[in-house]
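Q: Give me a 3D structure for the following:
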Amino acid sequence: MSSKVSVIIPAYNEQDSIGKVISEIPSIVTEVIVVSNNSTDDTESVARNAGATVLKENKKGYGYACLLGMQHIANTAPDTDIVVFLDGDYSDYPEELLLLIKPIFENNVDMVIGARVAHLRLPNSMTPQQVFGNWLATFLMKIFFGAKFTDLGPFRAIKYQKLLDLKMEDKTYGWTVEMQLKALKHNLSYVEIPVRYRKRIGISKVSGTIKGTVLAGFKILGWIFKYSFK
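A: The predicted structure follows:
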């Protein structure tokens, strides 16, 4: 494998986990980009010391962070082949990145979603509202678009040029569902790969709060209904 693989990690106050995440990313990765999303702790210094490129995005929002990471790739490494999105809270297993990029290399698949299947999740690693929200969103995507997704898992890999073609725009909670909906609209080939999942280090900024859960739910459903009537 000689292709260039970049990893984008949005991170907000993940000083206790970000070093662990970076240290377990396979060496095949060309660059690890940590986007500090208005962090007020030592996330940036820990990530930098672990060998990552650190960017600062002061506008709060998962999508804002991802878009800044993409802009960095466009400016510094436009010949990148694959972009992997990974959370900074150590809930995913970074070494499984190799599982996600394998279908792209071997079968020329455009996008791979890491599916947090029940039998590979550790107890209490996903909240009941996360489980229900994922089920509802993917059920609606199946009904409206014939999609085969089972999860909106943030751990995912996609060909860089295909990602650019999607013209991503969501700034906050709808980033993952927007990517999957646009992948369907653009007829991208995709597969899901079962991945392990554990309880995150620290408190979730989305599913760990009532406000975050409600806003994320509205944003996700909004994207689905928006595309269902296009």
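Q: Report the distance from stretch 102-113 to the chain centre.
A: Computed by Cα atoms, centre = their mean, to the nearest Å, the separation of stretch 102-113 from the middle of its chain amounts to 16 Å.
Q: now the end-to-end length of that stretch.
A: 12 Å (Cα to Cα, to the nearest Å).
Q: Could you list the buried residues of it?
A: Of all the residues in stretch 102-113, those buried under the rule 16 or more other Cβ atoms under 10 Å are 102, 103, 104, 109, 110, 111, 112, 113. (Glycine included, C-beta is placed from N, CA and C.)
Q: List the beta-bridge partners for the last one.
A: Partner residues in beta bridges with residue 113, using DSSP bridges, are residue 156, residue 192.
Q: List the contacts of it.
A: 149, 151, 153, 155, 156, 180, 190, 191, 192, 193 (Cβ atoms under 8 Å, 6 or more residues apart in numbering).
Q: one step back: and the buried residues of stretch 102-113, which of them are in strands?
A: 111, 112, 113 (DSSP state E).
Q: Going by distance to residue 73, which of the residues you listed wins?
A: In terms of Cβ to Cβ, no member of those lies closer to residue 73 than residue 111, at 16.4 Å.
Q: Pull the contacting residues for residue 49.
A: Here residue 49 is in contact with residue 19 (Cβ under 8 Å, 6+ apart).
Q: how much space between the residue nearest the centre of the chain and residue 108?
A: Centroid check for the chain by Cα atoms, centre = their mean gives residue 154 as the closest residue, at 2.9 Å. Applying Cβ to Cβ, to the nearest Å, the value for residue 154 to residue 108 is 23 Å.
Q: now the helices: where do they sit in the protein?
A: 18-23, 43-49, 62-76, 97-107, 128-145, 160-166, 175-185, 210-228 (DSSP state H).
Q: buried residues in stretch 179-186?
A: Neighbour-count burial for stretch 179-186, with 16+ other Cβ under 10 Å as criterion, is recorded at 179, 180, 181, 182, 183, 184.
Q: again, but for stretch 32-40
A: Residues of stretch 32-40 classed as buried by neighbour count (16+ other Cβ under 10 Å): 32, 33, 34, 35, 36, 37, 39.
Q: likewise stretch 20-33?
A: For stretch 20-33, burial by neighbour count (16+ other Cβ under 10 Å) applies to 20, 21, 22, 25, 29, 30, 31, 32, 33.
Q: rewinding a little: out of the buried residues of stretch 102-113, which comes closest to residue 14?
A: The nearest one, if we look at the buried residues of stretch 102-113 relative to residue 14 and count by Cβ to Cβ, is residue 113, at 22.1 Å.
Q: Redo the buried residues of stretch 20-33 as JSON lines? Include distance to residue 63.
A: Output for the buried residues of stretch 20-33, formatted as JSON lines (distance: Cβ to Cβ, whole Å):
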{"residue": "20", "distance to residue 63": "25"}
{"residue": "21", "distance to residue 63": "20"}
{"residue": "22", "distance to residue 63": "22"}
{"residue": "25", "distance to residue 63": "22"}
{"residue": "29", "distance to residue 63": "22"}
{"residue": "30", "distance to residue 63": "23"}
{"residue": "31", "distance to residue 63": "20"}
{"residue": "32", "distance to residue 63": "20"}
{"residue": "33", "distance to residue 63": "15"}
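Q: These: which two are farthest apart?
A: 20 and 30 (20.5 Å).
Q: residues near residue 3, how many?
A: 15 (other Cβ atoms under 10 Å).
Q: From what I see, it and residue 79 are in contact.
A: No - contact criterion Cβ atoms under 8 Å: residue 3 and residue 79 do not qualify, at 9.5 Å.
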